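task: produce atomic coordinates for the following.
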Amino acid sequence: MSATAVRLRGVVRNGVIVPANGVALVEGAEVEFEVLPLPFTPEEREEFAPWEAMGDDAWAMIDEWEREEHDATR
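Residues are numbered from 1 along each chain as shown. Have a look, this model is predicted:
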């Protein structure tokens, strides 16, 4: 590895990040990582489409209902 930052990809296996393409990291190397979203199936995208189309006002109403429900159970 060089002294400059290198961007690598990998996958999680048994709770451990494994770099792709057999890249070996030096023991003790400091790393940063970003969790990328998993791709949705066409069926999942279709199911979520109405939720994604909701405006900020609708989401604010849902947040308010959840707060009211939480307060009522206290």
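
V12 and W59, how far apart?
Counting by C-beta to C-beta, to the nearest Å, the gap from V12 to W59 is 30 Å. C-betas here are computed from N, CA, C, even on glycine.

before we move on, what about E30?
Distance of E30 to W59, computed by C-beta to C-beta: 38 Å.

the more surrounded of these two?
The neighbour comparison of E30 against W59 (other C-beta atoms under 10 Å) goes to W59, with 11 against 6.

now do the longest helix seen in the chain: distance to the chain's middle.
The helix of greatest length in the chain, counted in residues with DSSP state H as the criterion, is given as helix 56-72. In terms of C-alpha atoms, centre = their mean, to the nearest Å, the centre of helix 56-72 is set 24 Å apart from its chain centre.

using PDB, write down the CA coordinates of the helix or strand where R45 lies.
Assessed by DSSP states H and E, R45 sits inside helix 42-53. In PDB, the C-alpha atoms belonging to helix 42-53 read as follows (Å, rounded to 0.1, in the frame of the first residue of the first chain):
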ATOM      1  CA  PRO A  42     -38.100  -4.500  -9.100                       C
ATOM      2  CA  GLU A  43     -40.900  -5.800  -6.700                       C
ATOM      3  CA  GLU A  44     -39.400  -3.900  -3.800                       C
ATOM      4  CA  ARG A  45     -39.000  -0.700  -5.800                       C
ATOM      5  CA  GLU A  46     -42.600  -1.000  -6.800                       C
ATOM      6  CA  GLU A  47     -43.700  -1.500  -3.200                       C
ATOM      7  CA  PHE A  48     -41.700   1.600  -2.000                       C
ATOM      8  CA  ALA A  49     -42.600   3.900  -4.900                       C
ATOM      9  CA  PRO A  50     -45.700   5.400  -3.100                       C
ATOM     10  CA  TRP A  51     -43.600   6.100   0.000                       C
ATOM     11  CA  GLU A  52     -40.900   7.800  -2.000                       C
ATOM     12  CA  ALA A  53     -43.500   9.900  -3.800                       C
END
